[in-house]
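K.L.:
Model the structure of this input:
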Amino acid sequence: MSVIDRYYPSDIQNIWSDYHKYKVWLDIEVTVCKVRGELGQIPPADLRIILNSADFDLDRIKEIEAEVHHDVIAFLSSVAEKVGPPSRHIHYGLTSSDILDTANAILLKQSLKLILDGLDKLIAEVKKKALAYKHTPMMGRTHGVHAEPITVGIKFLSFFEQLNRSRHKLLTALDDISYGKLSGPVGVYGVINPDVEIKALNLLGLKPEPVATQIVPRDRHLSVVMSLSYTAAALERIALQIRLLQRTEIGEFAEPFRKGQKGSSAMPHKRNPIICERICGLARIFRGHLVEAMENVSLWDERDISHSSVERILFPQSTSILLYLIRLSEQVIKDMEINLTSIKQNIKLSNHRYLSGPLLLNLCSRGMERDNAYRLVQQIAMQAQQQQTSFAQAAKENKAVRSILNNGDIEKLTADDEIKKYVEIIFNRVLTKEEDDVFSK
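P.N.:
Down below sits the predicted model:
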C-alpha cells in the first residue's frame, strides 16, 4: 500500500484506476466509431468487428509504452492488436488530447457525483444536530474569549449553511467540467466532422467545448479544484471548532472515541482529537492544489504538456482526499459528544459579564452618552471579573446605573428568552431558503 492509499476510498480509487481510465478511453473511441458508422464513414462489416473486438491489455500497454513513451499510442496499439485491420478507423481525425480531456471530464464527473452524494449525507447529519440543539444556549467566543451567548443549534446551522454553499459550488463545477473535445489537432476539425463531435459527446453525457485549442481550456478544471478546496475549507472549519471545544478546560464538544482506542503511548488518560486534526491537516493540501490548477491555465500557444503530469496527481488525489474527508466528517458529526454540563458551567464562568453589551445599549437608549456608558459598563465588568462576582449584581449596586435602570430592567437582560429571541427567525431564514433551492432544482 502506498502512503496515499489510506486516504483513497475504494469506490473513487476504482474511478482513477488504470483499468477504468483505459475503459473510458475505449468507450470514447468506440462511441466516435459508432457515430461515424451511422454517418456512413465506416463500413458496416468493419464497425461490427470494432464493436465486438475492441479491448485492451494492461500489461501490453505498459510494455509498448516503455518503448514509445506515449501512453495514448501504447493504448491504441494494444487495441489495434485486438481489433485487427479495422482498427484503422479508430482515432481517425483525433489527437491524444481529444481522448485525454474528454476522459478527464467523465472521470471528474463520476468523482464529483460521489463527492456530492457524500456531502448530502454529511449535510443531513449537521442539520439533525442543528435542529436537536436549536435552543440550547452556549457561550459564543470571539478571539477565544467569552463574548455573548449563542445556541449550539446556531453553531451547527452556520456549518450547515456553509456546506450548502459548498454544494452549490460543486454543482457549478460539475457543469463547468461537463465539456469534451473531439475536434482534432488544435481544435479546428481538420479531418473530423463537427457533427461527429456533437453526437459522440452527447452519447457520452458531455457538451462540446465551444472554442477548443489542442485542449479543453484549463479554467474549467480550475473551477473543479476551487470547489473542492472550498469544501475542504468548510470541513476544516468544522473540525477546528470541535478541536477547540474539546480542550480540557472547555470540554463542550468531543469527537468520537471508539471502544479499545488509545490516545497516547505515554499518557493513558489522553483522549486526543486525532480525527479532527487529520481533517485539518489534509485540508491544507488543497491550498497547494489551487496553485497547481491555476498554473495549469496558462499554457504555450494552443497547448504544451506541462499540465499533464500535474493533473495525473492532482485530479485523483484531490477528489479522493475530499471524499475521504467528507465521509470522515460525517462520522464525526454523527457520533460526536456534546457535553451539556460543561456548556452550562462555561456560561456561568462569565458571571453575566456577557451582558455588558445589552447593558451599554440600555443605558444609551435611556439618554446616557455612549462613551460615558461604555466606560461605566467596562469599569463594572472589570471589577466583577477581578472580584469574581456577578456582573448583574454589580450593575444593580452601581449608583450611576441605578439612577437610570431599575433591578427589573437588569434582570430582564439575564433571561434565557433574550438569548433565544431570534433563533427561530435565523433558522426559518436558512431552512426556508433550503426548501426554495430544492424546489428551484
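K.L.:
H146 should be in a strand, yeah?
P.N.:
Yes. Counting by DSSP: H, G, I helix; E, B strand; the rest coil, H146 is found in a strand.
K.L.:
my read: it touches K348, true?
P.N.:
No. Because the distance of 10.8 Å does not satisfy CB atoms under 8 Å, H146 is recorded as not touching K348. The way it works is simple: take the backbone N, C-alpha and C, and place the C-beta from them, glycine included.
K.L.:
These two - which one has more neighbours?
P.N.:
Between H146 and K348, counted using other CB atoms under 10 Å, H146 has the larger neighbour count: 16 against 10.
K.L.:
For the more buried one, which residues are in contact?
P.N.:
By CB atoms under 8 Å, 6 or more residues apart in numbering, the residues touching H146 are 139-140, 346, 349-350, 353-354.
K.L.:
for Y8, phi and psi?
P.N.:
Geometry field for Y8 lists phi and psi as phi -110, psi 100, criterion degrees, to the nearest 10.
K.L.:
Tell me how many other residues crowd it.
P.N.:
By other CB under 10 Å, 20 other residues sit near Y8.
K.L.:
Quick one: mean pLDDT for stretch 406-414?
P.N.:
The average pLDDT for stretch 406-414 rounds to 87.
K.L.:
Restrict it to CA atoms and write it as CSV.
P.N.:
Listed next in CSV are the C-alpha coordinates belonging to stretch 406-414 (Å, rounded to 0.1, in the frame of the first residue of the first chain):
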residue,chain,number,x,y,z
ASN,A,406,-34.2,49.5,37.9
ASN,A,407,-33.5,46.0,39.1
GLY,A,408,-36.2,44.6,36.8
ASP,A,409,-34.6,46.2,33.8
ILE,A,410,-31.3,44.5,34.6
GLU,A,411,-32.9,41.1,35.4
LYS,A,412,-34.7,41.2,32.1
LEU,A,413,-31.3,41.1,30.4
THR,A,414,-30.4,37.8,32.1
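K.L.:
Off-centre distance for it?
P.N.:
The chain centre lies 45 Å from the centre of stretch 406-414; the measure is CA atoms, centre = their mean, to the nearest Å.
K.L.:
quick one on the thing from earlier: just the ones in helices from the contacts of H146, please.
P.N.:
Using DSSP state H, the subset of these located in helices is 346, 349.
K.L.:
are any of the contacts of H146 buried, and which?
P.N.:
Among the contacts of H146, those scoring as buried are 139, 346, 350, 353-354 (criterion: 16 or more other CB atoms under 10 Å).
K.L.:
I'd like those residues as JSON lines, with distance to S178 and pLDDT appended.
P.N.:
What follows is the buried ones among the contacts of H146, written out as JSON lines (distance: CB to CB, whole Å; pLDDT from 0 to 100):
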{"residue": "M139", "distance to S178": "46", "pLDDT": "95"}
{"residue": "N346", "distance to S178": "48", "pLDDT": "96"}
{"residue": "S350", "distance to S178": "52", "pLDDT": "89"}
{"residue": "R353", "distance to S178": "55", "pLDDT": "92"}
{"residue": "Y354", "distance to S178": "50", "pLDDT": "91"}
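K.L.:
what two of those are the furthest from one another?
P.N.:
N346 and R353 (12.6 Å; CB to CB).
K.L.:
The stretch 1-150 of the chain: strands as residue ranges?
P.N.:
Taking DSSP state E, counting those that start in this stretch as the test, the strands found in the stretch 1-150 of the chain are 137-142, 145-151.
K.L.:
which residue sits closest to D335, ignoring its sequence neighbours?
P.N.:
Distances taken as CB to CB, 6 or more residues apart in numbering put P256 closest to D335, at 4.0 Å, once the chain neighbours are dropped.
K.L.:
Can you get me a residue count around the one you found?
P.N.:
What P256 shows, counting by other CB under 10 Å, is a neighbour count of 13.
K.L.:
Quick check on it: phi, psi?
P.N.:
In terms of degrees, to the nearest 10, the main-chain angles of P256 are phi -60, psi 140.
K.L.:
for it, what are its contacts?
P.N.:
Shown here is P256, whose contacts under the criterion CB under 8 Å, 6+ apart are 275, 331-332, 335-337.
K.L.:
can you redo the strands of the stretch 1-150 of the chain as JSON lines with distance to R237?
P.N.:
Formatted as JSON lines, the entries for the strands of the stretch 1-150 of the chain read as follows, by distance: least, CB to CB, whole Å:
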{"stretch": "strand 137-142", "distance to R237": "14"}
{"stretch": "strand 145-151", "distance to R237": "16"}
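K.L.:
among those, which is nearest R375?
P.N.:
With respect to R375, and counting by CB to CB, the nearest of the strands of the stretch 1-150 of the chain is strand 145-151 at 19.6 Å.
K.L.:
what about dumping the CA coordinates of that closest one to CSV?
P.N.:
What follows is strand 145-151, C-alpha atoms only, in CSV (Å, rounded to 0.1, in the frame of the first residue of the first chain):
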residue,chain,number,x,y,z
VAL,A,145,-12.7,35.0,24.7
HIS,A,146,-16.3,34.8,26.0
ALA,A,147,-18.5,37.2,24.0
GLU,A,148,-22.2,36.7,24.2
PRO,A,149,-24.3,33.5,24.3
ILE,A,150,-25.5,31.8,21.1
THR,A,151,-27.1,28.4,20.8
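K.L.:
how much does it deviate in direction from strand 137-142?
P.N.:
Taking axes from the mean of the first three to the mean of the last three CA atoms, to 10 degrees, strand 145-151 and strand 137-142 form an angle of 140 degrees between their directions.
K.L.:
Counting neighbours, which bits of stretch 122-142 end up buried?
P.N.:
Taking 16+ other CB under 10 Å as the basis for neighbour counts, the residues of stretch 122-142 that come out buried are 122-123, 125-127, 129-130, 133-134, 136-139.
K.L.:
So which of those are in helices?
P.N.:
Going by DSSP H, the helices hold 122-123, 125-127, 129-130 from these.
K.L.:
wait, which of those is closest to G153?
P.N.:
Comparing every one of those with G153 (CB to CB), the shortest separation belongs to A130, at 4.9 Å.
K.L.:
What is the burial count for the nearest residue to the closest one once chain neighbours are set aside?
P.N.:
Nearest non-adjacent residue to A130, counting by CB to CB, 6+ apart: F156, 3.8 Å away. Applying other CB under 10 Å, we find 24 residues neighbouring F156.
K.L.:
for F156, helix, strand, or coil?
P.N.:
Applying three-state DSSP to F156 yields a three-state assignment of helix.
K.L.:
That one touches V126, doesn't it?
P.N.:
Yes. Checked against CB under 8 Å, the pair F156 and V126 is within contact range at 5.6 Å.
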